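J.: pasting the structure only:
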Ligand SMILES: NC(=O)C1=CN([C@@H]2O[C@H](COP(=O)(O)OP(=O)(O)OC[C@H]3O[C@@H](n4cnc5c(N)ncnc54)[C@H](OP(=O)(O)O)[C@@H]3O)[C@@H](O)[C@H]2O)C=CC1
Ligand SMILES: CC(=O)C(=O)O
Ligand SMILES: [Mg+2]
């Protein structure tokens with residue numbers, strides 16, 4: 001038998017939990033608590049106002065408290081993973097873990113509560129009165145059959161969703177994986193012979209959902225520690241097992257598995273042997289879902305059955321069938337419509353959404369999070385991976401829609417498109433910043449050249465650009481190479497893509513003439529221009545834009561920014577009266593600031609700095625911000641003095657002379673620029689009415705260094721640098737840009753940020 005693979009030691013796991021503040025979560029305030037005034041608003045006497053409002057109208061609690069986004073993870077520790085009954089206290093690491101996953105994957109606030117009783121009535125009594133505190137209750141790791149009684153009773157008693165994750169969360173993920181595994185092996189669910197090992201919380205709930213989806217009860221055998229649950233069995237039975245008992249001669253798991261198509265394990269480590277697997281039907285499907293160790297390892301299965309499709313509950317094997325793919329998103333959808341319950345329709349909707357997602361092309365973010373080849377729908381990838389950023393958009397949407405369709409939504413969503421965008425924005429700050437721009441581009445789609453059209457990342461970005469309705473991507477490259485990559489990654493409707501091979505292009509002569517006209521007095525012969533057009537994709541792509549055959553261009557993935565920029569500059573000039581420069585958007589802690597110049601002017605003089613400020617303010621307006629520009633320095637309003645600080649002060653004077661229509665001031669330190677209270681307190685004469693959102697840097701090195709520090713230490717998300725000031729829209733990505741980076745840049749190109 002293969003050894004279980006463990007990529008950490010026990011000591012590492014303990015150290016992980018102990019380091020810093022012990023445990024995995026803490027609570028943070030969402031309102032300022034800095035001043036006397038804050039305190040009197042947040043606490044007495046201000047707090048009395050929402051108290052009275054809620055007493056009058058209970059729904060107001062969703063507006064004035066954290067209730068609407070708060071889920072309790074509650075356990076008594078009687079079935080901790082597959083470790084058994086180790087008690088309420090020992091379950092705390094798992095429950096803290098679930099609470100953290102709620103936050104990490106779906107931005108649901110969550111707290112763990114461990115209830116120290118094995119008595120179902122006591123447990124019910126404890127939980128039933130907690131309703132006012134929470135928007136939902138996630139029951140966890142409570143053993144069967146008590147879990148069935150507890151959940152059923154709490155669902156009757158409480159008017160918020162009560163969801164036993166080990167039952168329904170697991171059932172949903174298992175069903176999603178099964179839909180795809182059956183599809184890959186060409187089986188109809190109604191014809192499939194299945195064996196479920198484990199007749200507890202998870203096993204019984206999975207069986208119920210699978211039957212609701214069309215499985216034939218006569219073709220499913222249920223097993224537990226006593227063997228097959230057959231009709232007439234008396235030992236170790238309860239009413240939930242009896243409901244699934246069938247007429248059969250099989251008495252052991254071994255006998256049950258002979259010729260079976262599917263094994264579903266929700267039992268315990270090592271329950272299945274290689275001999276049992278060998279006796280199953282052709283292309284068997286095995287979901288060994290016991291945690292932390294599966295019923296059988298994938299290595300052991302493949303040794304005897306290389307044709308199998310195998311899933312486990314663990315994250316260190318492919319095909320992780322684990323309820324982490326469900327509970328965060330199911331509650332997200334349920335909370336967002338203030339659902340009174342989570343019903344069958346919502347569960348099936350979640351399972352279908354998950355199954356569909358696994359069949360779609362995988363974005364870079366997901367591919368990068370996993371070592372090995374990019375996941376592609378097939379036996380090694382039947383279910384999305386937990387780090388898939390699309391889960392937050394797809395699953396809650398499906399759940400919320402099903403809640404509305406079945407009449408359990410107290411607050412139905414009116415604008416589903418806006419809801420989908422808000423879901424993406426919960427975890428991806430760029431989504432919120434760019435959503436407005438993306439919507440505008442969708443209404444006015446453009447032709448955008450992707451100059452490095454043979455690159456897989458670029459092709460994927462072009463596909464996303466098209467699929468998102470942002471316009472027509474034009475790929476530059478050798479057609480056969482581009483088509484081969486498209487086929488390899490399984491692009492849908494590849495014939496729709498325009499591919500231009502510079503050398504063979506009908507426009508080649510026209511472009512060469514255009515380039516020669518520009519460069520003949522700059523030391524270029526006609527044949528030099530011909531070579532550039534033929535051989536340099538950036539030049540060819542930029543010519544398409546310059547000659548009006550496309551609206552904009554994105555490049556930069558395969559070459560240094562400065563090299564790509566040099567190529568483009570052969571074809572285009574800065575717009576008359578404007579300077580080339582770069583603006584980077586930094587998004588952190590719910591704030592977006594624009595930083596300039598992050599790309600071109602190495603040591604700008606004061607006049608250039610003032611031009612950079614004017615252009616950066618225009619960019620801010622174009623992005624929907626009212627600019628408040630701060631000229632940054634190590635000094636604030638003259639102290640301490642120094643040469644660069646003086647330059648910044650002079651730049652402010654330049655702007656004063658020009659009478660611009662936006663707020664600006666400086667020089668000032670970043671600390672002052674970004675803290676309106678501090679600015680008011682120490683420099684009440686400052687002309688900025690609030691903290692700055694456009695930061696002009698003294699030189700390119702401070703700009704580049706500070707944005708990278710923001711990204712690496714401050715957790716900021718960066719967009720750009722955006723190239724500003726060219727006569728036509730061209731953006732240069734950084735090398736190693738992801739598909740999302742490129743799509744964002746292409747959208748900004750189409751929006752014309754220049
Ligand atoms: N991958 C995932 O997302 C999830 C995995 N699980 C895993 O499923 C397993 C069961 O969890 P849960 O349903 O909550 O626990 P329960 O305690 O409610 O049920 C356990 C069931 O497994 C049966 N069982 C235990 N050992 C064996 C064995 N060797 N052979 C056959 N049956 C056995 C028990 O049989 P009997 O009734 O005779 O005692 C019981 O029916 C755990 O390993 C857990 O980690 C659970 C939830 C989610
Ligand atoms: C994943 C999970 O909830 C369990 O194994 O119990
Ligand atoms: Mg569990």
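T.: Thanks, I have it. Treat the numbers as computed from the prediction; the structure is a model and nothing was measured. Numbering: from 1, shown residues only. Ligands and ions are numbered 1, 2, ... in the order given.

J.: ok, and the closest non-adjacent residue to residue 742?
T.: Of all residues not flanking residue 742 in the chain, residue 461 sits nearest, at 3.6 Å (CB to CB, 6 or more residues apart in numbering). The way it works is simple: take the backbone N, C-alpha and C, and place the C-beta from them, glycine included.

J.: okay, now the unreliable bits of the stretch 401-550 of the chain?
T.: Residue ranges of the stretch 401-550 of the chain with pLDDT under 70: 429-432.

J.: ok and the residue in it nearest ligand 2?
T.: Residue of the stretch 401-550 of the chain nearest ligand 2, by CB to the nearest ligand atom: residue 427 (21.4 Å).

J.: and the closest residue to that residue other than its chain neighbours, what element?
T.: Using CB to CB, 6+ apart and skipping residues adjacent in sequence, the residue nearest residue 427 is residue 392, 5.4 Å away. Assessed by DSSP states H and E, residue 392 sits inside helix 391-405.

J.: residue 424 is in contact with the residue nearest to residue 427, correct?
T.: Yes. Between residue 392 and residue 424 a contact is recorded at 6.8 Å, counting by CB atoms under 8 Å.

J.: which one of these two has more residues nearby?
T.: Remark: of residue 392 and residue 424, residue 392 carries more neighbours, 23 against 17, as counted by other CB atoms under 10 Å.

J.: isn't residue 627 up against residue 694?
T.: Yes. Between residue 627 and residue 694 there is a contact at 4.9 Å, judged by CB under 8 Å.

J.: of these two, which one has the most company?
T.: More neighbours surround residue 694 than the other of residue 627 and residue 694, with 25 against 22 (other CB under 10 Å).

J.: so how far is residue 650 from the more buried one?
T.: 18 Å (CB to CB, to the nearest Å).

J.: touching the host helix or strand of residue 613 from outside, list them.
T.: Secondary structure from DSSP H and E places residue 613 in helix 606-622. Outside helix 606-622, the residues that touch it by CB atoms under 8 Å, 6 or more residues apart in numbering are 578-579, 581, 583, 594, 596-597, 601, 604, 626-627, 629, 631, 647-648, 650-655, 658, 660, 662, 664, 693-694, 696, 698, 722, 724-725, 751, 753.

J.: what mean pLDDT would you report for it?
T.: Helix 606-622 shows a mean pLDDT of 95.

J.: again, but for stretch 12-23
T.: Mean per-residue pLDDT for stretch 12-23: 90.

J.: the helix or strand containing residue 433 packs against which elements?
T.: Assigned by DSSP H and E, residue 433 belongs to helix 429-443. Judged by 3 or more CB pairs under 8 Å, 6 or more residues apart in numbering; DSSP states H and E, the packing partners of helix 429-443 are helix 416-427, strand 581-588, strand 717-724, helix 739-751.

J.: closest to residue 557 out of the ones you listed?
T.: With CB to CB as the measure, helix 739-751 is the member of the helices and strands packed on helix 429-443 nearest residue 557 (7.2 Å).

J.: state the mean pLDDT of that closest one.
T.: Mean predicted lDDT for helix 739-751 stands at 91.

J.: what's the spacing between that helix and its chain's center?
T.: 18 Å (CA atoms, centre = their mean, to the nearest Å).

J.: circling back: check what pLDDT the residue nearest to residue 427 gets.
T.: Confidence score, pLDDT, at residue 392: 93.

J.: if I pick it, what's in contact with it?
T.: Contacts of residue 392 by CB under 8 Å, 6+ apart are 105-107, 329, 332, 423-424, 426-427.

J.: state the pLDDT value of residue 371.
T.: Residue 371 is given a pLDDT of 51.

J.: one more: residue 717?
T.: Looking at residue 717, its pLDDT is 85.

J.: mind listing what the residue in the chain positioned nearest to ligand 2 touches?
T.: Of the residues in the chain, the one nearest ligand 2 is residue 291, at a distance of 3.5 Å by CB to the nearest ligand atom. Residues in contact with residue 291 (CB under 8 Å, 6+ apart) are 81-82, 313-314, 322.

J.: next, it: phi, psi?
T.: Main-chain torsions, residue 291, degrees, to the nearest 10: phi -120, psi 150.

J.: grab the nearest non-local neighbour of it.
T.: Per CB to CB, 6+ apart, closest to residue 291 is residue 81, 4.1 Å.

J.: so the one you found touches residue 94, yeah?
T.: Yes. Counting by CB under 8 Å, residue 81 does reach residue 94; the two are 6.5 Å apart.

J.: the more surrounded of these two?
T.: Using other CB under 10 Å, the more surrounded residue of residue 81 and residue 94 is residue 94, with 21 against 16.

J.: before we move on, the earlier item: next, the angle helix 429-443 makes with the helix holding residue 613.
T.: Relative orientation of helix 606-622 versus helix 429-443 (axes from the mean of the first three to the mean of the last three CA atoms, to 10 degrees): 70 degrees.

J.: could I get the buried residue list for helix 606-622?
T.: In terms of neighbour count (16 or more other CB atoms under 10 Å), helix 606-622 has its buried residues at 606, 608-620.

J.: okay, now the unreliable bits of this structure?
T.: In the chain, residues with pLDDT under 70: 1-7, 363-373, 429-432, 754.

J.: 50 instead, please
T.: 1-4 (pLDDT under 50).

J.: now the residue nearest the centre of it: which helix or strand?
T.: Taking CA atoms, centre = their mean, the centroid of the chain lies closest to residue 389, which sits 2.4 Å from it. Using DSSP H and E, residue 389 falls within no helix or strand.

J.: mind checking how far it is from ligand 1?
T.: Here the criterion is CB to the nearest ligand atom, to the nearest Å. By it, residue 389 lies 21 Å from ligand 1.

J.: shouldn't that residue be in contact with residue 426?
T.: No. Contact criterion CB under 8 Å: residue 389 and residue 426 do not qualify, at 10.6 Å.
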